[in-house]
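Engineer: Below are the sequence and a predicted model; questions follow.
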Amino acid sequence: RRNGPPGTTALPGPTGLPLLGSLLSIPPRHSWLKFYDWSKHFGPIYELSIAGRPQVIISSEKIANDLLRERGNVYSSREQVPMAAQLLSDSLRPLLLPYNDLWRAGRRFMHSLTMPSAATSYQPMQEQESVRMLHDLIRSPGEYEKWLERYTAGLMLRLGFGKMLITGEEDYLKRIMSVGKNLERIASPGVYLVDTLPSLMYLPDFLAPFKREGKRLHVEELEFFRELQDDVRRETESEKLGSKHVEQENFTSKFLSSQEKWGLSDDQGAYVIGTLFEAGAGTTAAAMMSFLLTMASHPPELRSLQREIDIVVGDRMPSFEDLPGLPRVRAVVKETLRWRPVTAGGVPHQLTRDDVYELDGKKYFLKAGSAVHANQWAIHRDASLYPDAESFLPNRWLDPKYPTYKEPLEAYPNLQNFSAFGFGRRICPGLNIAERSLNILVARIAWASDIEGKQGWDYEAYEYTTGFNVQPKTFPFSLTARKGRAKIVETEYQRLWSHIIGE
Ligand code: HEM
């Protein structure tokens with residue numbers, strides 16, 4: 001390890017092997033579990049090396065905020081991993097960009113699309129899409145993954161490109177989902193040797209199949225993003241706006257009509273909107289799958305949720321106006337994201353300048369270039385903030401005896417600045433849209449249906465997919481409409497969808 005200035009000390013951490021460092025000790029899936037284990041031994045901030053690349057692991061919300069938020073000028077970059085950031089994205093994908101002018105320009109544009117006032121204007125779309133989701137979930141609960149994915153992908157396609165999913169089998173849906181899946185696979189650590197040994201990037205293409213693959217996938221996704229943008233350009237130009245399948249305004253039409261303001265080229269703008277889609281669709285659906293899992297395994301929590309909704313809302317379907325009066329709905333959303341975080345290991349930031357952090361009387365040296373992981377799995381299990389952390393306890397957000405309780409209950413719990421969405425200048429820009437989707441879906445599903453787990457199934461076991469966004473592997477449960485509710489859902493469905501789908 002490189003020494004810091006006099007008076008500083010190196011962070012603790014596993015020693016690892018010469019050259020490889022801790023590479024072989026990190027499991028290929030769910031690395032956050034191993035990082036959490038190490039934190040019990042090395043403390044809330046420690047360092048390890050992966051083949052010479054320094055990694056700082058943070059397991060405390062306070063430290064994550066002290067560094068990633070308070071020192072955001074130096075903790076806001078991303079490591080330019082060869083496969084995902086360079087070859088696949090050709091330095092265009094905002095999620096993976098370093099802290100540079102292009103990232104800043106993209107973030108400014110994103111902010112205009114996702115800030116609270118903009119997010120509120122998308123609520124009618126979320127209400128409409130959630131009715132369809134609920135209708136099909138009640139009809140065929142075994143296909144819950146499909147309905148939730150169609151809700152989130154459908155919402156993001158409408159927002160991004162004004163495209164409304166009718167059958168759910170549309171070709172562009174399959175293509176955009178495969179762009180997301182490629183990214184997920186390619187950006188997962190350890191899949192490509194070149195990410196561990198970046199000097200392999202110097203190999204000529206003919207000796208480096210990974211380079212050819214990365215470049216081919218980049219061309220494919222860029223061409224697809226361009227097609228999506230061209231569709232909107234054509235539709236706008238031919239004044240088709242207002243036809244039943246095209247929204248009045250969408251992210252792309254907004255981009256095209258104000259492009260100079262953002263200082264982004266066509267391709268840069270297309271990648272900003274493409275990234276919003278890929279970062280927004282899978283994550284929200286994954287969180288909702290975890291919600292169903294918690295309800296299948298915690299019947300008293302579902303009953304409490306239904307009691308609150310029945311008292312406040314009664315027999316009509318809950319809407320966004322009801323949410324201030326439904327703190328338990330919001331608590332269940334927040335607790336689901338705490339207990340089973342979607343981005344469980346966090347998305348690492350890169351430190352761009354040497355730094356010193358003082359903790360318990362020691363001055364720790366953090367070197368420029370380190371990848372800094374705010375490990376959500378560990379942060380969400382910090383016993384000083386979350387007593388009885390392994391239990392799913394929505395009450396920790398509602399009962400003054402818990403350290404996370406906050407008043408007033410009409411406003412809290414909410415997801416602003418919650419660690420599940422990252423930290424500082426890179427914090428998830430889609431938070432306002434995600435929060436609204438999760439709240440309305442949870443309120444409506446609990447209002448409409450009873451959910452029961454299968455006897456003998458171990459719902460507490462951490463059976464989740466691999467990758468950096470994770471969802472529970474398919475699990476069994478039964479779901480039936482509550483008395484009188486199926487009819488209300490059907491009526492709403494007919495009102496909002498029959499003229500569109502033609503049923
Ligand atoms: C439950 C849902 C979601 C979760 C848990 C989630 C979580 C996260 C996290 C942890 C990050 C990394 C933050 C950091 O680096 O500190 C992130 C980044 C991002 N999210 Fe989300 N997100 C969700 C939904 C969304 C939605 C709906 C959108 C779009 C509308 C979105 C767009 C993005 C984008 C574009 C980034 C990259 C930001 C950057 O690197 O500057 N996310 N998200």
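Structural biologist: That came through, no problem.
Engineer: what about Val356, which helix or strand?
Structural biologist: In this assignment (DSSP states H and E), Val356 forms part of strand 355-359.
Engineer: What residues sit buried inside the helix or strand Gly214 falls within?
Structural biologist: Using DSSP H and E, Gly214 sits in helix 209-237. Buried residues in helix 209-237, counted by 16 or more other Cβ atoms under 10 Å: 210-211, 213-214, 217-218, 221-222, 224-225, 228-229, 231-232, 235-236. In short, each C-beta sits where N, CA and C put it, glycine included.
Engineer: re earlier: rounded to a whole number, what's the mean pLDDT of the strand holding Val356?
Structural biologist: For strand 355-359, mean pLDDT rounds to 98.
Engineer: Can you name the next helix or strand after that strand?
Structural biologist: strand 362-366.
Engineer: and the stretch 151-300 of the chain, which residues reach the ligand?
Structural biologist: Counting by Cβ under 6 Å from any ligand atom, the stretch 151-300 of the chain comes close to the ligand at 275-276, 279-280, 283-284, 287.
Engineer: Mind giving me the ChimeraX select for the residues you listed, buried ones only?
Structural biologist: Typed into ChimeraX, the line below selects the buried ones among those, using 16+ other Cβ under 10 Å:
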select :275,276,279,280,283,284,287
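Engineer: low pLDDT regions in the stretch 151-300 of the chain?
Structural biologist: By pLDDT under 70, the weakly predicted segments of the stretch 151-300 of the chain are 239-248.
Engineer: tell me the two of the buried residues of helix 209-237 that are most distant?
Structural biologist: Largest separation among these by Cβ to Cβ: Phe210 and Thr236, giving 39.0 Å.
Engineer: got the contact list for the residue in the stretch 51-200 of the chain that the ligand sits nearest to?
Structural biologist: Distances between the stretch 51-200 of the chain and the ligand by Cβ to the nearest ligand atom are smallest at Leu95, namely 4.1 Å. Listed by Cβ atoms under 8 Å, 6 or more residues apart in numbering, the contact set of Leu95 reads 78, 275, 278-279, 347.
Engineer: among the residues you listed, which two are most distant?
Structural biologist: The largest separation in the contacts of Leu95, counting by Cβ to Cβ, is between Arg78 and Glu278 at 15.5 Å.
Engineer: how far away is the residue nearest in space to the middle of the chain from Tyr386?
Structural biologist: Centroid check for the chain by Cα atoms, centre = their mean gives Thr283 as the closest residue, at 4.0 Å. Distance, Thr283 to Tyr386, by Cβ to Cβ, to the nearest Å: 22 Å.
Engineer: and the host helix or strand of Ala281, how far out from the chain's middle?
Structural biologist: Secondary structure assigned from DSSP H and E places Ala281 in helix 266-297. Here helix 266-297 shows a centroid-to-chain-centroid distance of 6 Å under the convention Cα atoms, centre = their mean, to the nearest Å.
Engineer: List the buried residues for it?
Structural biologist: By 16+ other Cβ under 10 Å, the buried positions in helix 266-297 come out as 268-297.
Engineer: Next, the angle helix 266-297 makes with the following helix or strand past it.
Structural biologist: Moving toward the C-terminus from helix 266-297, the first helix or strand encountered (DSSP H and E) is helix 299-312. Here helix 299-312 runs at an angle of 110 degrees relative to helix 266-297 (axes from the mean of the first three to the mean of the last three Cα atoms, to 10 degrees).
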